[in-house]
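A.B. asks: Need coordinates for the following:
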Amino acid sequence: MDLPTIADVRAAAGRIAGLARCTPVLRDEALDALVGAALWFKCENLQRIGAFKFRGAGNAVMALTPAEAAHGVLTHSSGNHGAALGLAARL
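C.D. replies: Next up is the predicted model:
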């Protein structure tokens, strides 16, 4: 499998625009001082289903052709990926 190109990343961003939430990146000065470095936290817990997995699942579903989508989607997961794929398929 080839690594994604910047064009692939931009295409994925376009596919999930309006589906995935724009989540904040936060800092905590107390933690920065404690570890002696700047820490940045991407708050994907605020994403739909509470996990970053929605971005990938949404991209995969939105990349399906109409013929592929007509067959539906399937996963074997009881975790975040299963929840993400289920939501993406409904949207």
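A.B. asks: Tell me who's in contact with residue 38.
C.D. replies: Residue 38 makes contact with 27, 32, according to Cβ atoms under 8 Å, 6 or more residues apart in numbering. From N, CA and C alone the C-beta is placed, and that goes for glycine too.
A.B. asks: just checking, residue 13 is part of a helix?
C.D. replies: Yes - the assignment for residue 13 is a helix, going by DSSP: H, G, I helix; E, B strand; the rest coil.
A.B. asks: ok, it - how many residues close by?
C.D. replies: 12 (other Cβ atoms under 10 Å).
A.B. asks: Quick check: it vs residue 46, distance?
C.D. replies: From residue 13 across to residue 46, the span is 18 Å (Cβ to Cβ, to the nearest Å).
A.B. asks: Could you do residue 66 as well?
C.D. replies: Taking Cβ to Cβ, one finds residue 66 at 32 Å from residue 46.
A.B. asks: Could you give the backbone dihedrals for residue 41?
C.D. replies: Taking degrees, to the nearest 10, you get phi -120, psi 120 for the backbone angles of residue 41.
A.B. asks: For it, which residues are in contact?
C.D. replies: For residue 41, the contacting residues are 25, 26, 27, 28, by Cβ under 8 Å, 6+ apart.
A.B. asks: picking that back up, neighbour count for residue 66 and residue 46, which is higher?
C.D. replies: residue 46 (11 against 6).
A.B. asks: Correct me if wrong: that one contacts residue 20.
C.D. replies: No - using Cβ atoms under 8 Å, residue 46 is not in contact with residue 20; the gap is 10.9 Å.
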